[in-house]
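Colleague: Need a 3D model of the sequence below.
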Amino acid sequence: MDADQTVTMAIYTKLVCIIILISMTTAYISDRDDASDRIAKNFPYKPGHKPDVLRAGGCLCNKKYKDVSSRPDVFESPEYTDVCCQPTVGNGYIATVVYSDSIFMNGVYNGKDRTSHRARIPSTANIAMTHMDVTVSGNTYRLDTSQGLFTRIIDADTCTITQTVYAHQILTRLLINKITIKRKTVLFEEGAANNITVTLVNAMGPKSGDINFSDGSMGLSGEKVMKGNTTEAETDSSGTIPVYLHWTHLPDTITLSDSKTSQTWTFITSISHTDQEASDMYEMGIKHARDGTLTSMHTAAWKDKWSKGHIDVDNNLPLAKAIYGSMYYIMSSLPPLNYTENYPFQFYGLSPGGLAHGAGNADYMGHVFWDQATWMYPPILMFHPELAKAMLSCRTVHLDAAKTIAKQAGLKGAKFPWEMAYSGFDVCPAAIYTEKEIHVNGDIAFATQQYISATWDKDFLAKERGWEMVTGLADFWASRSEYDESKKAYVIKGVMPPDEYHQNVDNSVYTNNIAKISLNLPTYAAQFINATVPKNWTNIADHMFIVFDETNQYHPEYEGYTLGTLIKQADVILLGFPLMVDMPEQIRKNDLVFYESYNGKDVTDPNGPAMTWGMFAVGWMDLGNMTKANELFEKSFLNIQQPFKVWTETSSGSGAINFATGMGGFLQSVLFGYGGFRLRQDRLDLNFNLPPKSEHFNITGLNYLGSSIDFKADSTNVAITVMSQDSEAPSLDLLSNGVTKALVIGKTASIPLKSAASIKPHTAFQYKG
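Modeller: Alright, predicted model coming up:
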């Protein structure tokens, strides 16, 4: 994915290809005298302070800032932070780093071919309070993940000033910025000047280098208008993007008059594909702001989302905060629940830095890699299969491009690019990754298999191009493999494995195994739509060459690998999990041991990306070595930066900011490690252990085949309760210690802690046409 020791990736610059109309509207609305909203603090805007300034030098936030909140879902500091650890707000459609000068939109990129990057929209939602005629005694900066709100609180001698920033979870085209002034006392001195005035500045930053804005006419509600197009299309056929920006120029000041105890001003930015939708959504925002419901409907949507999927641990606040922060940042870059019913949009995928990052040459420019399918997707699937489906849809919508790429390479089927943005064609700055790192196609197939196993969604296969993608990927691998007579097996030559330190190898053990899964997938998926499958696909899978060292009883990373050779990240150990390749325990152990260190030297780079150590931890948990597992698990979230739990790509703080890939790997180590969950084609396995220091470990709202299931583990037992079921969900059975029990809605079944069990549908899937 990123540059390795021998190849430096080309500099990321510009890109966007999207025929999307964007319309932005900002206005302020003076609300009722109601100060029940959340609180915020004075604006620390620094011109030119952009999220892409700090990279290789590392992040020092853990040494400079502290989270003072005792709640697992709230992160709070008396200071705002450096650029490498600033929080984000988003809703899968739009996102921004709080107090930055940029807004980014799902699917909007600027630049030609390999210069693709997220197109920067100047932030009309970045409002600075630069002066106030009160004496400030302190301030608080707070990210409330349970409500999806960032707030700042200014504590002054005569009042409290609150600034709240959020991306609306229902009206997804809206970014909201509210300021409330609440007087501390209602006693006025006769003849004294009791007005409280705050000076405002819209810190939009420089002009966009991605969109050639020009002034437009005044909007219907009196707002200013700018319009323009992105400067470069991604491909010759995609065209540039029309962009409309509507906003009301901020007043120079806002004043709480001496006759009022409090007042709220609401500023709305509306962004859409069309001018009409942006205008309509803006008007809805105004209405709800005047009704006092704009914020409450947003926080209610977040509450509903959390109620349908969250993880809790006790007695370990840093771990609890890491879990909530990771879930929040991933979910805020994904669409809201029910987005296809309310205000639908095509989701273009989750990039390593999330939706709020990806401009210029930073944070992988917002591109979509294997990271989405392999790292961020699995924990989301276990709670919100509809959002997992949205992640898959960014592939099915680009299936035609994948077929074209395969054809241009002289191959069959569908070949997805290593890096994808808007058009579905290759946008990777370094050609070697596109040519060699083809395992992404197997990663997509495996993600699809997981989705089918978790949902039995035959409509996805039959009506939403899922089957076409499954068979296209199998056909690709069949054409990319070749039969080696000397090995009496099929081989795959000239690839780059997940370990990007080795760029042109034969028979990568990870790549060949993920190819096997892809080739076998159509046979599994066919039963859901009564389809037929070419026999040669399973034949190739059955005879795929898997490199193995008989002497040392381990899997070499590729043909010719030498024990002790430094690798970048988790690679071979991914065979055990997530791929669940069947192997003896001793071989699994040898893989874990040999790829951590050999002859006293590190084998896996200790400065590699964040997700590696969680996978080592899962492996040791599977083998029952909890001491080793806990040690590596603690290492897995050292990349979190205080106080807002923003991840950096490496533990030193360098690399991509808000590294969602690492968050996904960490969450997998919690769910699939300590929860022991394994999503298999015919069942869901589980085997609970308590995380370090915790006495209780609860998983709420895990979704399996349309049933929402709660798990509550303590020092002796795991209580399992089906809380609800969709109308067409199959009945479920719990298999534990040779005993089968029916899982009935609302009735709790218990199993011992550290006890392997399975949840299975009472009746296997039966095709009914």
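Colleague: mind listing the strands for the stretch 301-450 of the chain?
Modeller: 310-313 (DSSP state E, counting those that start in this stretch).
Colleague: give me every residue that touches the nearest residue to residue 761 once chain neighbours are set aside.
Modeller: What sits nearest to residue 761 in space, not counting adjacent residues and going by C-beta to C-beta, 6 or more residues apart in numbering, is residue 730, at 4.1 Å. Where you see a C-beta, it was placed from the backbone N, CA and C, and this is true even at glycine. Residues near residue 730 by C-beta atoms under 8 Å, 6 or more residues apart in numbering: 456, 705, 706, 761, 762, 763, 765.
Colleague: for residue 678, same thing?
Modeller: Residue 678 neighbours (C-beta under 8 Å, 6+ apart): 577, 580, 672, 684, 685, 686.
Colleague: And the buried ones among those, selectable in ChimeraX?
Modeller: Command for ChimeraX that selects the buried part of those, burial taken from 16 or more other C-beta atoms under 10 Å:
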select :577,672,684,685,686
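Colleague: Look up how far residue 673 lies from residue 667.
Modeller: 10 Å (C-beta to C-beta, to the nearest Å).
Colleague: And residue 197, by the same measure?
Modeller: From residue 197 to residue 673 the distance is 54 Å (C-beta to C-beta).
Colleague: if you count what's nearby, which of these two comes out ahead?
Modeller: Between residue 197 and residue 673, residue 673 has the larger neighbour count (other C-beta atoms under 10 Å), namely 28 against 16.
Colleague: which residues does the residue nearest to that one when sequence neighbours are not counted contact?
Modeller: In space, and not counting its chain neighbours, residue 673 is closest to residue 618: 4.3 Å by C-beta to C-beta, 6+ apart. Applying C-beta under 8 Å, 6+ apart to residue 618 gives the contacts 576, 577, 629, 668, 669, 672, 673.
Colleague: mind listing what the last one touches?
Modeller: The contact partners of residue 673, taken as C-beta under 8 Å, 6+ apart, are 614, 617, 618, 621, 629, 633, 689.
Colleague: For it, give me the backbone phi and psi.
Modeller: phi -90, psi -70 (degrees, to the nearest 10).
Colleague: mind checking how far residue 525 is from residue 474?
Modeller: 10 Å.
Colleague: for residue 670, same thing?
Modeller: Residue 670 is 32 Å from residue 474, by C-beta to C-beta.
Colleague: So those two - more neighbours on which side?
Modeller: A direct count of neighbours by other C-beta under 10 Å for residue 670 and residue 474 places residue 474 higher, at 31 against 26.
Colleague: Secondary structure of the residue nearest to residue 761: a strand, I assume?
Modeller: No: remark: residue 730 does not belong to a strand; assigned using DSSP: H, G, I helix; E, B strand; the rest coil, it is coil.
Colleague: Strands along the stretch 451-600 of the chain, start to end?
Modeller: So, for the stretch 451-600 of the chain - with DSSP E, counting those that start in this stretch - the strands run 482-484, 489-491, 597-598.
Colleague: deepest of those strands, which one?
Modeller: Comparing the strands of the stretch 451-600 of the chain by mean neighbour count (mean count of other C-beta atoms under 10 Å), strand 489-491 ranks first with a mean of 19.
Colleague: Run through the neighbouring helices and strands of that one.
Modeller: Applying 3 or more C-beta pairs under 8 Å, 6 or more residues apart in numbering; DSSP states H and E, one finds that strand 489-491 makes contact with strand 482-484.
Colleague: contacts for the strand it packs on?
Modeller: Contacts for strand 482-484 (C-beta under 8 Å, 6+ apart): 489, 490, 491, 492, 493, 543, 545.
Colleague: closest to residue 509 among these?
Modeller: The shortest approach to residue 509 among the contacts of strand 482-484 belongs to residue 545, at 9.6 Å (C-beta to C-beta).
Colleague: Tell me, how many residues neighbour the closest one?
Modeller: Residues within reach of residue 545, counting by other C-beta under 10 Å, total 19.
Colleague: just residue 123 next, same as before
Modeller: Neighbours around residue 123, by other C-beta under 10 Å: 24.
Colleague: Distance of it relative to residue 200?
Modeller: Noted for residue 123: a distance of 14 Å to residue 200, by C-beta to C-beta.
Colleague: if we can go back for a sec, help me confirm that the residue nearest to residue 673 is found in a helix?
Modeller: Yes: judged by three-state DSSP, residue 618 forms part of a helix.
Colleague: Quick one, grab the pLDDT at it.
Modeller: On pLDDT, residue 618 comes in at 98.
Colleague: and what of residue 223?
Modeller: pLDDT, residue 223: 72.
Colleague: same deal with residue 76?
Modeller: pLDDT, residue 76: 98.
Colleague: After whatever helix or strand it lives in, heading C-terminal, what element do we hit next?
Modeller: According to DSSP states H and E, residue 76 maps onto strand 74-77. Per DSSP H and E, the first helix or strand lying C-terminal to strand 74-77 is strand 88-90.
Colleague: List the contacts of that following strand.
Modeller: Contacting residues not belonging to strand 88-90 are listed as 95-98, 148, 150, 165-167, 175, 329, 332-333, 354-357, 646, 658 [C-beta under 8 Å, 6+ apart].
Colleague: re earlier: CSV please, covering the strands of the stretch 451-600 of the chain and showing mean pLDDT.
Modeller: Formatted as CSV, the strands of the stretch 451-600 of the chain follow (pLDDT from 0 to 100):
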stretch, mean pLDDT
strand 482-484, 98
strand 489-491, 98
strand 597-598, 97
